[in-house]
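>>> Got a predicted structure plus its sequence, pasted below:
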There are 2 protein chains.
Amino acid sequence: MGISRIRVAVVGYGNVGAYVLQAVRSAPDMDLVALVRRTADRPPELPADVPVVRELPSDPPADVAVLAVPSRLVPETAERYLARGIRTVDSFDIHEEIPDVRARLERVARASGTVAVLAAGWDPGTDSVIRVLFEAMAPAGTTFTNFGPGMSMGHSTAVRAIPGVDDAVSLTLPLGFGKHRRLVYVRLAADGDPDAVRRAILTDPYFAHDPTDVVFVDDVSPYRDMGHGVQLERKGVSAGAHNQRFSLRMSVHNPALTAQVLVAAARAAMRQAPGAYTLPEIPPIDLLPGDRPSIIRRLV
Amino acid sequence: MGISRIRVAVVGYGNVGAYVLQAVRSAPDMDLVALVRRTADRPPELPADVPVVRELPSDPPADVAVLAVPSRLVPETAERYLARGIRTVDSFDIHEEIPDVRARLERVARASGTVAVLAAGWDPGTDSVIRVLFEAMAPAGTTFTNFGPGMSMGHSTAVRAIPGVDDAVSLTLPLGFGKHRRLVYVRLAADGDPDAVRRAILTDPYFAHDPTDVVFVDDVSPYRDMGHGVQLERKGVSAGAHNQRFSLRMSVHNPALTAQVLVAAARAAMRQAPGAYTLPEIPPIDLLPGDRPSIIRRLV
């Protein structure tokens, strides 16, 4: 290809981070240069020549940092790397805050001549691309996004951050036509107050819009299944023709898909002009390795 | 938006062209400046102030020409408009020739500082975007494209161009896992030789790869139904997790969807740097009217 390999640093080693490591290592055009985490503990699957560090050193340099950190830590973490001239990708998933985070990262990315790709998981992320595409195909109509049944990583992480919670699993149950119920299994900490915890969950922005059941259990692990799904449906009008029907269905390992999309977005980050981008703002072909003519020959 | 309205010329008034007129007229950001066709006949639905012309005049100027002409006429027609500095969009649908047509239009578009968007229907077109996206989401695996059952406009047009054919309808029947059968209803011309016509169909590049049945009938109109469908399926591996399943299904009015995608691509053509682009090379957000922050707020 005549293009040098992409040097990737992975920041975070939670559910998503572990899969990001795998996706980077199986990418044909990437080298893993460092794993950044709070502890210096070394994951057994990490090759011996990849350092585990608390702060990313300048040498070896990284072209792009994949931020596998909780959404609430994304903006400040991204700004820190962008200010150093290192591209970032993240899967920030608080939908209503995306425009503000984008504006914030845009400023830093432009000032330092680098690129941020944000909200680059599967929803927000690839689902966002499909929603945009469906609307272009039928400008009048309605799109419904139906999640689950499956465990939501973002919602589970949000509950675990609530004082008094020891562990939590939040399931998303589709009610149809874009409505969902949340079923949250919570193991309380020793000093946890169930009423305060329940109240904190029901008023959290992640849960405030949906009917939510909170169930206290001694052990959440029997409910932990990383499988998830989505159905995106649009019924609309194309050029005066009504009842155009589009439907996307997925059944996936959730953190693995998030990780894979992040790594594809890291590749795309190498190919954009300075600035901050959500996935629908990026040419999809930039997500794939290889040169355009051969991708076009295979897939267009 | 602070952006002037897009002046669109529509070239051709066949199955697709009639729907392109509708889609342009219902676009909030476009004005229809002319219909270009071989005859000066005036379609009844055309507003009185839109001229019907054989050649697009320089005044009023057009920003973009939507080429609703048969695929075989696309390359030379596009080159003619591009050389005049007018952007073009087309739904050229002979998959294996797309890389060459793209290279050809790229030369002219760059030389005259304008933009060509090619192969911008639903397949090739929006399906191509989905195939690229599915591969980014699961780099290892297999994608199957299953068409139909439905009438293929490209195949029907190809048969009608064969000497000795008066009229034809070509149905695409899915055999599963990306294989198809073609069922072609043909009304012969008075001097048509059935053996020669059958031979010409079976050796045409549109049909050479699929089992094809040719049926001669007195009237093809009972077989003419513009409904069509597709199922795109991928089963693959994301970040080491196997059995990721993605499926897109559509049930659509075929020429209306092609027309709507062409019109969305005409909008995107206004927003690209000079050159030639297939749909996966364009940020999907550029297909929609309006500014990025408000689209992101609604759909990301």
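Perfect, thanks for sending it. Keep in mind it's a predicted model, so treat the numbers as computed, not measured. Numbering: from 1, shown residues only, chains lettered A, B, ... in the order given.
>>> For the residue lying closest to A:His95 once chain neighbours are set aside, give me its contacts.
Spatial nearest neighbour of A:His95, chain neighbours left out: A:Pro124 (6.0 Å); criterion: CB to CB, 6 or more residues apart in numbering or on different chains. The way it works is simple: take the backbone N, C-alpha and C, and place the C-beta from them, glycine included. With contact set as CB atoms under 8 Å, 6 or more residues apart in numbering or on different chains, A:Pro124 has these partners: A:Ser91, A:Phe92, A:Asp93, A:His95, A:Ile98, A:Thr278, A:Leu279, B:Val300.
>>> any idea which of these is closest to B:Glu233?
Ranked by distance to B:Glu233 (CB to CB), the contacts of A:Pro124 are led by A:Leu279 at 21.8 Å.
>>> burial count for A:Ser270?
Small correction: residue A:270 is Met, not Ser. Counted with other CB atoms under 10 Å in any protein chain shown, residues neighbouring A:Met270 total 16.
>>> was I right about it contacting A:Arg87?
Yes - contact criterion CB atoms under 8 Å: A:Met270 and A:Arg87 qualify, at 7.1 Å.
>>> Output the longest helix anywhere in chain A as PDB, nothing but the C-alphas.
The residue-count maximum for a helix in chain A (DSSP state H) belongs to helix A:254-269. The C-alpha coordinates for helix A:254-269 follow below in PDB (Å, rounded to 0.1, in the frame of the first residue of the first chain):
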ATOM      1  CA  ASN A 254     -21.600  -6.400  22.400                       C
ATOM      2  CA  PRO A 255     -18.200  -5.300  23.700                       C
ATOM      3  CA  ALA A 256     -16.500  -7.100  20.900                       C
ATOM      4  CA  LEU A 257     -18.400  -5.200  18.300                       C
ATOM      5  CA  THR A 258     -17.800  -1.900  20.100                       C
ATOM      6  CA  ALA A 259     -14.100  -2.800  20.100                       C
ATOM      7  CA  GLN A 260     -14.000  -3.700  16.400                       C
ATOM      8  CA  VAL A 261     -15.800  -0.500  15.400                       C
ATOM      9  CA  LEU A 262     -13.400   1.600  17.500                       C
ATOM     10  CA  VAL A 263     -10.400   0.000  15.700                       C
ATOM     11  CA  ALA A 264     -12.000   0.600  12.300                       C
ATOM     12  CA  ALA A 265     -12.500   4.200  13.400                       C
ATOM     13  CA  ALA A 266      -8.900   4.500  14.500                       C
ATOM     14  CA  ARG A 267      -7.900   3.600  10.900                       C
ATOM     15  CA  ALA A 268     -10.400   6.200   9.600                       C
ATOM     16  CA  ALA A 269      -8.900   8.800  12.000                       C
END
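>>> Is that helix positioned near chain B?
Yes - on the criterion CB under 8 Å from any CB of the partner chain, helix A:254-269 is in touch with chain B at A:Ala256, A:Leu257, A:Ala259, A:Gln260, A:Val261, A:Val263, A:Ala264.
>>> just stretch A:165-181 next, same as before
No - residues of stretch A:165-181 are not located near chain B by CB under 8 Å from any CB, the shortest gap being 13.1 Å.
>>> Quick check: mean pLDDT of that stretch?
For stretch A:165-181, mean pLDDT is 97.
>>> One more: stretch A:99-107?
In this model, stretch A:99-107 has an average pLDDT of 98.
>>> Is chain B within reach of it?
Yes - judged by CB under 8 Å from any CB, stretch A:99-107 comes into contact with chain B at A:Pro99, A:Arg102, A:Ala103.
>>> Only alpha carbons, please: show that stretch as PDB.
Taking C-alpha atoms only, stretch A:99-107 is exported to PDB below (Å, rounded to 0.1, in the frame of the first residue of the first chain):
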ATOM      1  CA  PRO A  99     -23.100  17.500  20.000                       C
ATOM      2  CA  ASP A 100     -21.500  19.300  23.000                       C
ATOM      3  CA  VAL A 101     -18.600  16.700  23.300                       C
ATOM      4  CA  ARG A 102     -18.100  17.000  19.600                       C
ATOM      5  CA  ALA A 103     -17.800  20.800  19.800                       C
ATOM      6  CA  ARG A 104     -15.400  20.500  22.700                       C
ATOM      7  CA  LEU A 105     -13.100  17.900  21.000                       C
ATOM      8  CA  GLU A 106     -13.300  19.800  17.700                       C
ATOM      9  CA  ARG A 107     -11.700  22.900  19.300                       C
END
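>>> if we can go back for a sec, closest one to A:Arg245 out of the residues of helix A:254-269 next to chain B, please.
A:Leu257 (24.7 Å).
>>> Could you tell me how many residues sit around the closest one?
Neighbours of A:Leu257 (other CB under 10 Å): 28.
>>> excluding its backbone neighbours, what's nearest it?
Closest residue in space to A:Leu257, ignoring its immediate chain neighbours: B:Ser238 at 4.7 Å, by CB to CB, 6+ apart.
>>> neighbours of the one you found, just the number please.
Around B:Ser238 there are 31 residues (other CB under 10 Å).
>>> give the contact list for it.
By CB under 8 Å, 6+ apart, the neighbours of B:Ser238 are A:Tyr19, A:Ala23, A:Val252, A:His253, A:Ala256, A:Leu257, A:Ala259, A:Gln260, B:Met137, B:Ala138, B:Pro139, B:Gln244.
>>> Pull up the pairing partners for the helix or strand where A:Arg245 lies, direction included.
Taking DSSP states H and E as the criterion, A:Arg245 maps to strand A:241-253. Strand pairing for strand A:241-253, determined by DSSP bridges: strand A:227-238 (antiparallel), strand B:241-253 (antiparallel).
>>> Not counting that strand itself, show me its contacts.
A:122, A:127, A:130, A:134, A:137-138, A:141, A:226-238, A:257, B:19, B:238, B:241, B:244-253, B:256-257.
>>> let's go with 7 Å and repeat that
Among residues not part of strand A:241-253, those counted as contacts by CB atoms under 7 Å, 6 or more residues apart in numbering or on different chains are A:130, A:134, A:137-138, A:226-238, B:238, B:241, B:244-253, B:256-257.
>>> for it, which positions count as buried?
Neighbour counts over strand A:241-253 (16 or more other CB atoms under 10 Å in any protein chain shown) mark A:Ala241, A:Gln244, A:Phe246, A:Ser247, A:Leu248, A:Arg249, A:Met250, A:Ser251, A:Val252, A:His253 as buried.
>>> what bridges to the second one?
Right, the one you point to is A:Gln244. The partner residues for A:Gln244, given DSSP bridges, come to A:Gly236.
>>> Quick check: the gap between it and B:Pro149.
Using CB to CB, to the nearest Å, A:Gln244 is found at 17 Å from B:Pro149.
>>> follow-up on the earlier one: now do the longest helix of chain A against strand A:227-238, angle only.
Angle of helix A:254-269 versus strand A:227-238, following axes from the mean of the first three to the mean of the last three CA atoms, to 10 degrees, is 60 degrees.
>>> Helix A:254-269: what's the following helix or strand?
strand A:275-277.
>>> Just checking: what are the partner strands of that next one?
With DSSP bridges as the test, strand A:275-277 pairs up with strand A:115-117 (parallel).
>>> Any chance you could list what contacts the strand it pairs with?
By CB under 7 Å, 6+ apart, the residues outside strand A:115-117 that reach it are A:78, A:82, A:87-89, A:105, A:109, A:265, A:268-269, A:272, A:274-277, A:282.
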